[in-house]
Structures are given as C-alpha cells and as structure tokens.
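1. what follows is a predicted protein model with its sequence.
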Amino acid sequence: MSTQNRAVVFHGTENMKVDTLDFPKLEMPDGRKAPHGVILKIIATNICGSDLHIYRGSFPVPDGMVMGHEMTGQVVEVGSDVEFLHEGDIVSVPFNVACGRCRNCRAGRTEVCETANPDTACAAYGFNLGDFQGGQADYLFVPYADFQLLRFPDRDQAMDKILDLAVLSDILPTAFHGLVEAGVRPGSTVYLAGAGPVGRCGAAAARLMGASCIIVGDHDTKRLDLVRKAGCETIDLNQDVPLTDQIEQILGEPMVDAAVDYVGSEAHGLGKDSGTMDPAAAINQVMDVTRAGGATGIIGVYGPDPLAKSKEAQEGTFALDFGQAWIKSPHITGGQAPIMRYNRQLMMAILWDRMPYLREMLNPKVISLDEAPQAYADFDKGSDVKYVIDPHGMIAK
C-alpha cells in the first residue's frame, strides 16, 4: 500500500494545487485514535458548487486544507471497532460527518451532529467545519464508518454505474431533500431556481417523485439545454420579464405548488439586472412563485460572505420579501441536507434504472487529480459539466 497521499489543496483564493501529503491515519483531527474509522482508496471525488465558495474566498478555510466533500471509495484499511465493513467494499461517503450517537444523529438529523465538530453542531469534510480533511485525494480517513458509510451491494454493478452513484455523497440527496421539504408529490408543479449540478439533480429527482411540470430557471443557456433535453420546461432569467409572467406562459397560472432554491447567496438579478449580484434574488423568487399554502426548500448556501458588496450580506443578513410571502402561510425549510436520510433509497433507484436522465443532465466529465486545479477555474467560469476526479484511473479502466 502507498505511504503517500496526493491531494488537491487550498493555497489561497483561486489557488488550488496538487500536493503530496502523508498517508492518512485512523485518527480524529485532534489526534485521538479512531478504531471506529476506515481508510478509503478514492474511486470518484467530485468538484461541487460549494467548493467554489472556498475557491472564490466566500467561505474562509485555512491554507493547506485538503478540498472535497463528494467521495466514493474502496475500503483498504479497517479499524478494530468496525464490524460491518470489510476491505474491498465500495462505499459512498455522506458529506456530513456524523457520530451516530448524539441526540440529533439518533433522530436522523445527521446534518447537525452535536459532537463531530466541537465548535458548532455541523461537521463536514473539506470545509472549515471540524478540521476534517477533504477527499479530493488518493486516500481518505472516514470516522464512525459503520454508521456513516453506504455500502454498494455489488462491486461490478457499482462500477458500471459509478458516475451516477458518485453523486450520492451530496448533490443528489441534497436536491431530493429540497423537494421533500417543498412538499413535492405526484402531479406537483415545481419551479427549480438554478440549473447547476444540484439543480439538475433536482430535476431528475422531481421526475422520480412524480412531479408533473418541472420548470428550471437559470442565466446559463447551456445548462438549461441539458434539462430541456430531458423533458423539463426552462426559463432564461436573462429575459426582462417578471418570473411569475414567464411561469404563467408555461402553466396558465403565475404560481407553482412547490419551489426550491438551489442557488443561494451568489444569485443574480433578473433581466436587465442579470449581470448584478443580488444575494437574496433566488430565495425571494421562490417565495414569490409558490402558491398560497405551498412550500419552498432553501438548499442554496446562505451565510456570512466576506466578498459580498453590502455590510449586511457580509454578515449573513439578507433582505427577504417575507412580508409579501407571509400572507400565503408559507412553509419554508433551509439548511444542509441529512444525506443519510435519503442516500440508500436513491442508490436503489439508480441501481434499478429509475433515474434514466440523471447522467444525461449531469453531463459528467472524468478528469485526473492533476487536472483538478484547471477544472476549478473552468467551473468557476460557468462550465456546464460535472467534474468527477478519478485519482487512480479506476473509472477510466
């Protein structure tokens, strides 16, 4: 087995490098032994839109941190307390680091584990959330492995569908969570703000849930083309037409049953304001287009952003049109997704071909570890592909 670990490392804003580091140990970030953990050989590790927040400087992290929180890997080392996983197993890693023992984990709220991060009730790989190193690397340490890891039932089947299964670690369950919180049911009409990789997963998941009319809005026409080819309706947000009017042109009424914000605070305005950052644009749009008594899921990231133009947005305060929405008795849910609540069901849907348009809409591009820094730059410019890093060439084979 290798004694080194090559990884994509953050060295400042817009500066990612591939460094050679020590091989990971079965140890927690504070140095405590972790017999409950495993070491994974990474098969697929994706670049996520959330990684761009770090790349741009919107989400501060320490210099030298290993990037990445979307990982699929093969178990190569097993801690002495691990009972249900074995060397050779192929597994998906939920991006939430969760202990499985605290009050929130026992209630299924793994996105707000109370113990994995001593500073706050939230821990994740490849963020400044508990000091867990990311998985854009050759190898990765995963704690609480029996609880956290989703094992694929058949190796050959998993490798055949690896580009679909690779999104189980974050963006597919995250997209699904937004739809669940928005109350999507068979026959629902749905508006999805954002046609990035998470929004495109949302479109695929909405089909799985039986939604009728799925409308996706974005400023990037190439991304909209991907969902249109899969049977979704699309709205070009560069048009200087009110969003409700554009929805009415499609549905015959200016509202939908459910809406999800997949954009977050890096949103832009509509029409003539489409070139201007408007941190509250997407969340206000989804509240505006949701019918009275409907629901919205706020999946896009909202938090303090040192790069924001206003002092309020820098501190994480946003100008919401809640007074306009309040009269409709809205149900609004935000925050990170509890990945483990959904990942097994979605795995089975993929393995049994119930999400046939997922890969087509994702538009994945497999790259090597050495190509990752350039992929960050290309993704930051608005690429319509989903970058999947293949550190060991296992996907290529």
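-> Received, thanks. Predicted model, so just to flag it, every value in this text is computed and none were measured.
2. switch to C-alpha atoms for all contacts and neighbour counts from now on
-> Noted.
3. and the pLDDT at F141?
-> With respect to pLDDT, F141 scores 98.
4. phi and psi next, for it.
-> In terms of degrees, to the nearest 10, the main-chain angles of F141 are phi -90, psi 130.
5. quick check, central residue of the protein?
-> Nearest to the geometric centre of the chain sits I171, at 3.3 Å (Cα atoms, centre = their mean).
6. can you count the residues close to the closest residue to that one other than its chain neighbours?
-> Sequence neighbours aside, V198 is the residue nearest to I171 in space, at 5.2 Å (criterion: Cα to Cα, 6 or more residues apart in numbering). By other Cα atoms under 10 Å, the residues close to V198 number 26.
7. which element is V198 on?
-> helix 197-208 (DSSP states H and E).
8. how far does that helix sit from the chain's center?
-> Mean C-alpha position of helix 197-208 versus that of the full chain (Cα atoms, centre = their mean, to the nearest Å) differs by 12 Å.
9. remind me what that helix packs against, helices and strands.
-> helix 171-181, strand 190-193, strand 214-218, helix 358-362 (3 or more Cα pairs under 8 Å, 6 or more residues apart in numbering; DSSP states H and E).
10. give the buried residues for the helix or strand following the third one.
-> In other words, strand 214-218. Scanning forward in sequence from strand 214-218 by DSSP H and E, the next helix or strand is helix 221-228. Residues of helix 221-228 classed as buried: T221, R223, L224, D225, L226, V227, R228 (neighbour count, 16 or more other Cα atoms under 10 Å).
11. let me know the angle separating helix 221-228 from helix 197-208.
-> If you take axes from the mean of the first three to the mean of the last three Cα atoms, to 10 degrees, helix 221-228 sits at 20 degrees to helix 197-208.
12. show the average pLDDT along helix 221-228.
-> Averaging pLDDT along helix 221-228 yields 96.
13. and stretch 202-216, by the same measure?
-> pLDDT averaged over stretch 202-216 gives 98.
14. ok, the residue lying closest to F95 once chain neighbours are set aside to A313 distance?
-> In space, F95 comes closest to H69 once its chain neighbours are excluded; the distance is 5.2 Å by Cα to Cα, 6+ apart. Distance, H69 to A313, using Cα to Cα, to the nearest Å: 25 Å.
15. name the helix or strand for the residue lying closest to V286 once chain neighbours are set aside, please.
-> In space, and not counting its chain neighbours, V286 is closest to A259: 5.5 Å by Cα to Cα, 6+ apart. Element membership for A259 (DSSP H and E) is strand 256-261.
16. how far off helix 171-181 does that strand point, in degrees?
-> Using the same axes, to 10 degrees: strand 256-261 against helix 171-181 is 140 degrees.
17. quick one: strands adjacent to strand 256-261?
-> With DSSP bridges as the test, strand 256-261 is paired with strand 190-193 (parallel), strand 290-298 (parallel).
18. which other helices and strands does the helix or strand following that strand contact?
-> Next along the chain after strand 256-261, taking DSSP H and E as the criterion, comes helix 281-289. Helices and strands touching helix 281-289, by 3+ Cα pairs under 8 Å, 6+ apart, are strand 190-193, helix 243-251, strand 256-261, strand 290-298, helix 322-326.
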